[in-house]
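# coords please:
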Amino acid sequence: MSDPLATLQREHLRALEQYYAEVLTALGYDGVLIYSGHPALHFGDDQHASFCSYGHFQHWTGQAGLSHSWLLIRPGQRPICYFHAPNDFWHLPPQLPAQAWTEHFEVLTGRHDTPPKLGAGRFAVIGNVSDDDATALAAQRNPAALLSALDEGRVRKNEYEIVCLSEANRMAELGHRAAREAFLAGGSELDIHLAYLQASRQREGELPYGNIVGIGAHAAVLHYQHYDSEPPRSRPSLLVDAGHRFRGYCADITRTWPGAEADPLFADLIARMHDIKQRLVAAVAPGVDFVELHERMHRLLGELLVESELVTASAEAAVESGITRAFCPHGLGHLLGVQVHDVAGRTARDGTPLPPPAEHPALRLTRELEAGMTVTIEPGLYVIPMLLEPLESTPAGQHLNWALIERLAPHGGIRIEDNVSVTANAARNLTADIE
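Numbers count the residues shown, from 1 in each chain. Next comes the predicted model:
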């Protein structure tokens, strides 16, 4: 009985071989050597930093934690994987997974601390490779035109990749439900984080990014990086931004929940932000300019701020004066794949740079949506004192309801984030509605 996922992975590998052959031939290369990378040592220490394999290595293998390994891709020849698994009594050597790619490649298992020898021809080597290694290989190191073309090859996801992204979402959803239960049971940020890891069945080092687990005002720190070990006295809200990785592909989901002490206005704002997220997801389709979709988010935020009496001016004035940007300084979303913030989000299909607008510098995706892309949709609304307080001395400050803002400040903020695949006609939401 055939394995449907193995069948899809074989199709994925054949498509990669064809794409690489076209790119390498067009650029005049006989092949490319892809390095998975290696963990860095902390300065003055014998401990290594956390490690994640190079994205283009993962694109072929799905192996996020495999170091010191190499892939040799040559048009018209069977790919070779130099799988680093030396004999070792200090550590358990990596094992080849029971996946279709291991049959598709010629796999040479052993010690591969140094690059493999290359034959005659013009080669490139990409990844975290030293100049000395590139010189010894007589290969071009990370040529810009090749990297740009290979990055573009990861923008549109095939069926295999969508299945992997969907499974990553399914596992992350289990973690989010467990996190909410731990919060409602009185757990600390650390307790909630550990509950997430247990339910989603992953070690901390396997996460696609560090979990953000913020109770109360901590939810206003966009990339809050700590986990208080003691439960706070006040628990008005919880924001969890956490994901999962399956065969290299990442989920990136955020949910915000009110606590028992939440202000009714904050609970209502969460519900309204869910509605805004749904409206933006419904607008995802091929041909949509993501910058325009981001600007639509700001118009919807302006309407919400006025309707919630946080702003006394019009919704248009809230956008034009910069009020909505103070409440939501980040972008609407980004490309998603084997990297959480996947490559090529700010370049056109032909490699032309597409920088974000000056008023939206944090926007990571500035191109037109295409079928096959997977993106995050993550509207937010936060009370961030360092962004709101400067407005007090401006004309915009006269239109802010500072008493309501002060009431909401202990709740931190709201972010609702789903992972969305752009289909031929509209969009498919890969993220379940998590209560």
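
# Please make it C-alpha for all contacts and neighbour counts, starting now.
Fine.

# Contacts only, for the closest residue in space to Q18 that isn't next to it in sequence.
Nearest in space to Q18, with sequence neighbours left out and distances taken as CA to CA, 6 or more residues apart in numbering, is P75 at 8.0 Å. P75 makes contact with 17-18, 20-21, 24-25, 30-31, according to CA atoms under 8 Å, 6 or more residues apart in numbering.

# quick one: the helices in the protein?
4-27, 55-61, 101-104, 131-137, 144-152, 159-184, 189-200, 264-282, 290-307, 315-320, 323-327, 385-388, 402-408 (DSSP state H).

# follow-up on the earlier one: name the nearest of the contacts of P75 relative to G121.
Of all the contacts of P75, G121 sits closest to D30, with 5.8 Å by CA to CA.

# Count the residues that sit near that closest one.
Each residue near D30 was counted by other CA atoms under 10 Å, and the total is 18.

# how much space between the residue nearest to N419 when sequence neighbours are not counted and T25?
Once flanking residues are discounted, N419 sits nearest to T376: 4.6 Å by CA to CA, 6+ apart. Plainly put, T376 is 34 Å away from T25 if you go by CA to CA, to the nearest Å.

# Just the terminal-to-terminal distance for stretch 94-106.
Stretch 94-106: ends 17 Å apart by CA to CA.

# average pLDDT across that stretch?
For stretch 94-106, the mean pLDDT works out to 96.

# buried residues in that stretch?
99-101, 104-106 (16 or more other CA atoms under 10 Å).

# Pick the one among those residues closest to Q58.
W101 (11.2 Å).

# check contacts around the closest one.
So W101 contacts 9-10, 13, 60-61 (CA under 8 Å, 6+ apart).

# likewise L96?
T102.

# Against H244, how distant is it?
21 Å.

# who's in contact with stretch 374-388?
Against stretch 374-388 from outside (CA under 8 Å, 6+ apart): 155-157, 219-221, 252, 254, 273, 276-277, 280-281, 297, 301, 326-328, 330-337, 405, 408-409, 412-422.

# Quick check: buried residues in it?
Going by 16+ other CA under 10 Å, stretch 374-388 has these buried residues: 374-384, 388.

# okay, those in CSV with pLDDT and distance to I434 next?
Compiled in CSV, these are given as follows (pLDDT from 0 to 100; distance: CA to CA, whole Å):
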residue, pLDDT, distance to I434
T374, 98, 20
V375, 98, 19
T376, 98, 16
I377, 98, 15
E378, 98, 15
P379, 98, 16
G380, 98, 17
L381, 98, 19
Y382, 98, 21
V383, 98, 24
I384, 98, 26
L388, 98, 30
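
# Now, the residues you listed that are in strands?
Under the assignment DSSP state E, the buried residues of stretch 374-388 contribute 374-377, 380-382 to strands.

# Of the residues you listed, just say which sits nearest to P231.
Taking those together and measuring to P231 by CA to CA, the closest member is Y382, at 22.0 Å.

# May I see the ones in strands among the buried residues of stretch 374-388 arranged in CSV, with distance to D46 as well?
Listed next are these as CSV, based on distance: CA to CA, whole Å:
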residue, distance to D46
T374, 39
V375, 39
T376, 38
I377, 41
G380, 41
L381, 43
Y382, 41
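
# Tell me the one of these nearest A426?
T374 (11.9 Å).

# for the closest residue to that closest one other than its chain neighbours, what are its contacts?
Among residues not flanking T374 along the chain, S421 sits closest, at 4.2 Å (CA to CA, 6+ apart). The neighbourhood of S421, defined by CA under 8 Å, 6+ apart, consists of 162, 371-375, 427-430.
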